[in-house]
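Asker: My questions are about this predicted structure, shown below with the sequence.
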Amino acid sequence: MSVSLDQTSGDPTARVMDTLRLTGAVFSLADLTAPWGVASGEHDTGLFHAVISGSCWARPDGGDPVFLSAGQVVIFPQGHEHVMLDDRDSRVSPTWQHVPHQHGRLARLSIDGGGKATKLLCGTVHFDRSRVHPMLTSLPSMIVVGGDEDTNGPWISATVDMMRRELSLAQSGSSGVLGRLADVVVLYALRSVLAGEGVEIGWLEALRDPAIAEAVALIHERPSEPWTVGELASAVGMSRSAFYPRFTNALGEPPGTYLIRWRIHLAARLIAESDVTVAAAARQVGYADDAALGRAFRRWTGVTPSRYRALRRTEMENQ
């Protein structure tokens, strides 16, 4: 099950975020007493750690450590390397050295140093990766949410507390409930990033321009339309001469290029996740036939649609 923002919203930013399609999953509960330090290598999914109780530090690869208290969550959207520590100077060891034992479907990791106790709930955030989403690539490598300075802090803390309560109940279906709660935390995190003052990170900053956000939302919602720059400009109440440079400066590419990118993203999703023919996928995303889609698809992905389908099916079977 994937969770997204309400697509019926009139807010163009919400409509664009709806296309991100994320699914959270909780995979381990860590009971830790100081001193401890655990390193996490590069992952092909996003990762998060929710502080259920106690406190700790999170340090991204090559970055400075950030202090976390109970109720806060740290998210690594691109799954980059990082370490979690009880103290910023603690010795770090790889996660595999603390092989967790299974408790139902939730792995439990335990490090008993005899000192201050911390409990973490750790999990993954799977984003739709049929084609890397521009929002995902624009996100900071590490996001910390919750706490007194976060306007969403009370809601995030309440969600983390619900996670804690669900863990204590240990009822059937807990993994599913925890996964949905993880989705909620990540959506709050995305909202916090978008609301942050001084955010100047490409695609996310573009969404703060109402006209550009509306244009992006129209492309996302109606990709099969033969959009021209003039038609998009008119739809958002701008002249073509004003719209083209504003869109290009905000997104880093012209409207036509962004439209192609989005069509290929959607085609890749259809080809990977359904049994539609390439010709049918082509029509749904705005191409005249399978040959036209095939040429564009290969330029953007390096493989033909049929080869892409085979690769994705093999990848999903091996997960």
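Answerer: Great, that's in hand. As the structure is a computational prediction, the values presented were derived from the model and not from experiment. Residues are numbered from 1 along each chain as shown.

Asker: Check the chain for me, the residue farthest from its geometric middle.
Answerer: Within the chain, the residue lying farthest from the chain centre (Cα atoms, centre = their mean) is Gly114, at 35.8 Å.

Asker: Can you tell me the closest non-neighbouring residue to that one?
Answerer: The shortest distance from Gly114 to any non-neighbouring residue, by Cβ to Cβ, 6 or more residues apart in numbering, is to Thr33 (5.8 Å). For the C-beta atoms, the positions are set from N, CA and C on the backbone; glycine is no exception.

Asker: Which stretches in this protein count as helices?
Answerer: 12-17, 134-138, 153-169, 174-195, 203-206, 210-221, 229-235, 240-251, 255-273, 278-285, 290-301, 305-317 (DSSP state H).

Asker: Relative to Ser93, how far out is the residue farthest from the centre of the chain?
Answerer: Applying Cβ to Cβ, to the nearest Å, the value for Gly114 to Ser93 is 16 Å.

Asker: Ok, Pro226 next?
Answerer: To Ser93, Pro226 is 57 Å away according to Cβ to Cβ.

Asker: Between those two, which is the more surrounded one?
Answerer: Ser93 (14 against 7; other Cβ atoms under 10 Å).

Asker: Distance of that one relative to Pro35?
Answerer: Counting by Cβ to Cβ, the gap from Ser93 to Pro35 is 11 Å.

Asker: what's the answer for Arg180, then?
Answerer: Counting by Cβ to Cβ - Arg180 and Pro35 are separated by 34 Å.

Asker: same thing with Ala281?
Answerer: For Ala281, the distance to Pro35 - Cβ to Cβ - is 54 Å.

Asker: Those two: who's more crowded?
Answerer: Here Ala281 and Pro35 are compared on neighbour count by other Cβ under 10 Å; more neighbours surround Ala281, at 23 against 16.

Asker: tell me the contacts of that one?
Answerer: Contact analysis of Ala281 by Cβ atoms under 8 Å, 6 or more residues apart in numbering lists Ala267, Leu270, Ile271, Leu293, Pro305.

Asker: which ones are touching Ile271?
Answerer: Val278, Ala281, Pro305, Tyr308, Arg309, Arg312.

Asker: ok so, going back, would you mind giving the contacts of Ala281 as JSON lines with pLDDT added?
Answerer: Output for the contacts of Ala281, formatted as JSON lines (pLDDT from 0 to 100):
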{"residue": "Ala267", "pLDDT": "93"}
{"residue": "Leu270", "pLDDT": "91"}
{"residue": "Ile271", "pLDDT": "93"}
{"residue": "Leu293", "pLDDT": "96"}
{"residue": "Pro305", "pLDDT": "95"}
